[in-house]
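Asks: missing the sequence, but the structure's below:
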């Protein structure tokens, strides 16, 4: 086989193998922690996370801002003399950061104890 075929295959196998190994270690250690809590007679309900609406709101605002940034990046790239794709990354970071700041201020005014 030629090296230009082997390198992507080995890279893909290594990447997904590493992800699988990390997940295995994470699940194994989580199981050990839960078993240790049960053996100690404590409740393992501390591992349950309640999904709250604030998290969904944060991700929604962030993803909408990134979508708007990509939309504006297309226009910046089309109607200016920028290189291919040079307008996307800065706009995504600017709009994403602005969205997270907006969410912080919104949640701070709604929930002052945060």
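Replies: In hand now; what should we look at? Keep in mind the model is a prediction, meaning the values are calculated, not measured.

Asks: quick one, domains of this structure?
Replies: Listed by automatic domain parsing, the domain ranges of the chain are 3-45, 49-110.

Asks: okay, these in JSON lines with mean neighbour count and mean pLDDT next?
Replies: The C-beta positions use only the backbone N, C-alpha and C, and glycine is treated the same way. Formatted as JSON lines, the domains of the chain follow (neighbours: other C-beta atoms under 10 Å; pLDDT from 0 to 100):
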{"stretch": "domain 3-45", "mean neighbour count": "10", "mean pLDDT": "89"}
{"stretch": "domain 49-110", "mean neighbour count": "13", "mean pLDDT": "83"}
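
Asks: where's residue 17 relative to residue 3, distance?
Replies: In this view, residue 17 and residue 3 are 20 Å apart by C-beta to C-beta, to the nearest Å.

Asks: whoops, I mixed them up, residue 87
Replies: Per C-beta to C-beta, residue 87 is found 36 Å from residue 3.

Asks: can you tell me the SS state at the spatially most central residue of the chain?
Replies: What sits nearest the mean C-alpha location of the chain, by C-alpha atoms, centre = their mean, is residue 59, with 9.3 Å. Using DSSP: H, G, I helix; E, B strand; the rest coil, the structure places residue 59 in helix.

Asks: and the longest helix seen in the chain, what does it pack against?
Replies: With secondary structure taken from DSSP state H, the chain has its longest helix at helix 3-39. Contacting helix 3-39 under the criterion 3 or more C-beta pairs under 8 Å, 6 or more residues apart in numbering; DSSP states H and E is no other helix or strand.
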